[in-house]
Each structure stands twice: as C-alpha cells, then as structure tokens.
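A.B. asks: Can you look at this prediction? I've put the sequence above it.
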Amino acid sequence: MPTRNELGSHGERIAAAFLTSAGLRVLDLNWRCREGELDIVARDGDALVFCEVKTRRGVGYGHPVEAVTTAKQRRLRTLAHRWLAAHHAHAAELRFDVVGVLVRPSRPALVTHLRAAFP
C-alpha cells in the first residue's frame, strides 16, 4: 500500500501524461515557493494552465475533484501570481484546471479533467 505522498506523486505523473496526451505542454511539475506548491503548470495554445491534481483510492470521501475547496482555489491563485512573477511570464489567458485521479487496484486509473474549473 503506497503512502499518501507516494499516491499523490503517482497521481501527478498520471495527470501529466494525460494532459500531455490531450495536447498540453507541461512547463513545470511540483513548483514550490514559500506559500505552497503548484502541481502542474502547462501551456494549452495561448492559455497558461495552473492545474491542481487530487488523487484518491476511492470515493468514500467524495470524488477527488471535490477536494479543491474555495480556500484552496484562493491559494492556487496566489501561487499562480508567484509563478508568473518568478518566470517573468505573461499569457493571453490564465486558466485553472483540476485533474482528479481515482486509482483502482488491478485496473487503470480513472482520470477526470475539469478545464477552467474555477475563475
């Protein structure tokens, strides 16, 4: 049984592969600053995408994407501004996506990608 951190890292790898196969270009994985961490930063055409990944083994506590609370959304916006400043980056569009990864024993993971999940 993987630890919580191992499960999260596994889910982030699955999410990055999923996004890449969907045509996004991953720019950064697990970018950290004083305020926290961005799981995935990607480019989707002209849009810069800040993606939160939530991984679960089951839905007993709800679907993984439901774990992105209003407080988490606020923190992700702050982290996105920090990333933009650190990289002197600009984009025509900023987007916040959520990827839920449901890891199932002996079966492929189920991936749910919510584009523009919150403003």
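C.D. replies: Happy to help now that I have it. Being a predicted model, the structure only gives us computed values, none of them experimental.
A.B. asks: Relative to residue 84, how far out is residue 90?
C.D. replies: 7 Å (C-beta to C-beta, to the nearest Å). Every residue, glycine included, has its C-beta placed from N, CA and C.
A.B. asks: So which of the two has more stuff around it?
C.D. replies: With neighbours defined as other C-beta atoms under 10 Å, residue 90 and residue 84 compare such that residue 84 has more, 16 against 8.
A.B. asks: Give me the contacts around the helix or strand harbouring the more buried one.
C.D. replies: Assigned by DSSP states H and E, residue 84 falls within helix 70-87. Residues from elsewhere that reach helix 70-87 (C-beta atoms under 8 Å, 6 or more residues apart in numbering): 28, 31, 33, 35-38, 41, 48, 50, 52, 68, 89-90, 94, 96, 118.
A.B. asks: Surely residue 97 is in a strand?
C.D. replies: Yes. Residue 97 forms part of a strand when assessed by DSSP: H, G, I helix; E, B strand; the rest coil.
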